[in-house]
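Engineer: 3D model of this:
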Amino acid sequence: MSETAALAEAMTPVTALRIHPADNVATCLADIAAGEYIDVEGRGARLIEAVARGHKFALAPIARGERVIKYGFEIGRATADIAVGAHVHSHNLATALSGGGDYRYTEYEAVDTAPAPAPRSFAGYRRADGRVGTRNEIWILPTVGCVGNLAARVARIAGERHAGRIDGVHAFKHPFGCSQLGDDLGHTRGLLAALAQHPNAGGVLIVGLGCESNQLAPLLETIAPERRSHIRTVSAQAVEDDVEACLALVDELVEACAGIERTPVPLSELTLGVKCGGSDGLSGLTANPLVGRMADAVAAAGGKAILTEIPEIFGAEQMLMDRAVSRAVFDETVRLVNDFKQYFIRNGEPVSENPSPGNIAGGITTLEEKSLGAVQKGGQAPLVDVQRYGGEAALPGLTLLEAPGNDAVSSTALTAAGATVILFTTGRGTPLGFPAPTLKIASNSGLASRKSGWIDFDAGQVLNEGFDAASAALLDLIAATASGAETRAEANEEREIAIWKSGVTL
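Structural biologist: The predicted structure is shown next:
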């Protein structure tokens, strides 16, 4: 995928782009009318129909059944003969993915990544176990949906009571924790336990009801004893005044962490989560490769980057596998991908049941095309580890994390895995925010301008200013955010979690 960055780096403002020399389609960077002649790096085509921004048109005749190539890879097969200058999309292109996968292991060889940016540091909160948080907040986690509103009420009162002393008090409601069985209950318990250990939480109150499946005691048992000192628990059925009991514990937690101050730390102390949602045809050209540079910068500094959304790497997984630092990491990646494909098949769904309606409207046609754009968020850093849902990224470099593509579920999983800042790329826009500070990065300048209340950074500038300038600006914003600068989602009080529901409900 390095060709993508190289081509975009050198380009001047144009109306269409062929990403890789082998591509037989080009992507429109603006709406183009029928009859307009487009020169794409010396290879011209007259459009025989209007093509919207982010969508593709043919640079060469493509016969029915022939491979359509973008990013230098197959993104599907033509379902009809396609003439030069014709719109290439769902009406004449279909996925070639199936449930199987024939993967090969090759010994990892480091590749040259983008030029290293100037060193950065940020002001973070050093925790007792050595990890560094980017916020000093109190988190209230209900074990079960029945006490979600209680948790929210306590957070509202405590937030007003302690305004200015800490970075905030937040309750994270969810509907689960009761009537769950087996692995499904384990997902809920493990996810909440991981959130309770997050370095952005200076104190955590876990609120139980008392009769739920997700009991307090076994939940606490999943947390290492050395990470429990900042955690308090209460069972609402066991106290007379549940609000006052919760507030008293929050007061105690605030007193314990309010005096902690930010200190300068290097970029190696950052854990970066990368995510895309509401992607369009420009996401793989601008925002995602730009975020990939951020993942590379953090990994090169000795920090951690986390990539997830496993169904959105189908069709591009071999590219990640080729970066596995060992046979063991490769084998675990294969198991994770195949397990997720079987999850689809068990539920009677094709593994290619993607992209979403919004993706399609934005110009993405097949899952292969979406995946080839999406994996660019992981840059070129070595793949050092694979973690299952609820696991924590522990090694410098890139970690692959088990989670579905759903925005809220996967972003919550990134936070639970230790992400202290999340980079969320989007071509369509979303207001949603998550427990870790989340920077929304628009793939196009139109979205950034139109939804300035949602968007933190305009990656559309890549098309005019190149990747180096955009990389420096985004890395500065990441450092400022890690140091306490408020994201748009935080300003809008958009802070949610979602837990992966994968089993039977009683």
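
Engineer: so where do the helices sit in this structure?
Structural biologist: In the chain, the segments counted as helices under DSSP state H are 2-10, 148-161, 182-196, 216-221, 242-257, 287-300, 317-321, 327-346, 357-361, 367-374, 407-416, 445-450, 462-482, 488-491.

Engineer: low pLDDT regions in the chain?
Structural biologist: 1-13, 99-100, 112-118 (pLDDT under 70).

Engineer: okay, now the domains of it?
Structural biologist: The chain breaks down into these domains under automatic domain parsing: 2-94, 133-263, 268-491.

Engineer: Just tell me which of those ends up closest to residue 110.
Structural biologist: domain 268-491 (6.9 Å; Cβ to Cβ). For every residue, glycine as well, the C-beta is placed using N, CA and C.

Engineer: Quick one: end-to-end length of the closest one, please.
Structural biologist: 27 Å (Cα to Cα, to the nearest Å).

Engineer: what's the answer for stretch 190-201, then?
Structural biologist: End-to-end for stretch 190-201, by Cα to Cα: 17 Å.

Engineer: Would you mark the buried spots in that stretch?
Structural biologist: 190, 191, 192, 193, 194, 195, 196, 197, 198, 199, 200, 201 (16 or more other Cβ atoms under 10 Å).

Engineer: try stretch 211-224
Structural biologist: 212, 213, 214, 215, 216, 219, 223.

Engineer: can I get those in JSON lines with distance to residue 183?
Structural biologist: Output for the buried residues of stretch 211-224, formatted as JSON lines (distance: Cβ to Cβ, whole Å):
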{"residue": "212", "distance to residue 183": "17"}
{"residue": "213", "distance to residue 183": "13"}
{"residue": "214", "distance to residue 183": "13"}
{"residue": "215", "distance to residue 183": "17"}
{"residue": "216", "distance to residue 183": "20"}
{"residue": "219", "distance to residue 183": "15"}
{"residue": "223", "distance to residue 183": "19"}
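
Engineer: would you turn the helices of the chain into TSV with distance to residue 268?
Structural biologist: TSV is the format used below for those (distance: least, Cβ to Cβ, whole Å):
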stretch	distance to residue 268
helix 2-10	24
helix 148-161	32
helix 182-196	22
helix 216-221	31
helix 242-257	24
helix 287-300	8
helix 317-321	23
helix 327-346	21
helix 357-361	35
helix 367-374	26
helix 407-416	19
helix 445-450	30
helix 462-482	12
helix 488-491	24
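
Engineer: what's the distance between the nearest residue to residue 71 once chain neighbours are set aside and residue 411?
Structural biologist: Sequence neighbours aside, residue 372 is the residue nearest to residue 71 in space, at 4.5 Å (criterion: Cβ to Cβ, 6 or more residues apart in numbering). Residue 372 sits 22 Å away from residue 411, going by Cβ to Cβ, to the nearest Å.

Engineer: quick one, which of these two is more surrounded?
Structural biologist: residue 411 (28 against 25; other Cβ atoms under 10 Å).

Engineer: hang on, isn't the more buried one packed against residue 273?
Structural biologist: Yes - assessed by Cβ atoms under 8 Å, residue 411 is found in contact with residue 273 at 7.2 Å.

Engineer: Mind listing the shared neighbours of the two?
Structural biologist: Applying Cβ atoms under 8 Å, 6 or more residues apart in numbering, one finds that residue 411 and residue 273 are jointly contacted by residue 422.

Engineer: tell me the contacts of the nearest residue to residue 435 once chain neighbours are set aside?
Structural biologist: Distances taken as Cβ to Cβ, 6+ apart place residue 415 nearest to residue 435, at 4.6 Å, with adjacent residues excluded. By Cβ under 8 Å, 6+ apart, residue 415 lies in contact with 195, 198, 273, 422, 434, 435, 436, 497.

Engineer: and the gap between the fourth one and residue 140?
Structural biologist: Read it as residue 422. Residue 422 is 20 Å from residue 140, by Cβ to Cβ.

Engineer: Between those two, which is the more surrounded one?
Structural biologist: Ranked by neighbour count (other Cβ under 10 Å), residue 422 and residue 140 place residue 140 first, with 29 against 26.

Engineer: didn't the more buried one look like it was pressed against residue 205?
Structural biologist: Yes - applying Cβ under 8 Å as the test, residue 140 and residue 205 come out as touching, 4.8 Å apart.

Engineer: what residues are shared contacts of the two?
Structural biologist: With Cβ under 8 Å, 6+ apart as the test, residue 140 and residue 205 both reach 151, 154, 246, 250.

Engineer: What is the nearest of these to residue 288?
Structural biologist: residue 151 (35.2 Å).

Engineer: Counting neighbours, what do you get for the closest one?
Structural biologist: 24.

Engineer: surely residue 445 meets residue 457?
Structural biologist: No - contact criterion Cβ under 8 Å: residue 445 and residue 457 do not qualify, at 11.0 Å.

Engineer: what about these two, which has more around it?
Structural biologist: Between residue 445 and residue 457, residue 457 has the larger neighbour count (other Cβ under 10 Å), namely 22 against 18.

Engineer: Spit out the contact partners of that one.
Structural biologist: Counting by Cβ under 8 Å, 6+ apart, the residues that residue 457 touches are 439, 440, 441, 442, 448, 473, 474, 477.

Engineer: Okay, it and residue 387: tell me how far apart.
Structural biologist: From residue 457 to residue 387 the distance is 27 Å (Cβ to Cβ).

Engineer: same deal with residue 298?
Structural biologist: 17 Å.

Engineer: Quick check: can you name the pairing partners of the strand ranked longest in the chain and their directions?
Structural biologist: The longest strand of the chain (DSSP state E) is strand 201-208. Here strand 201-208 has these sheet partners by DSSP bridges: strand 137-142 (parallel), strand 231-235 (parallel).
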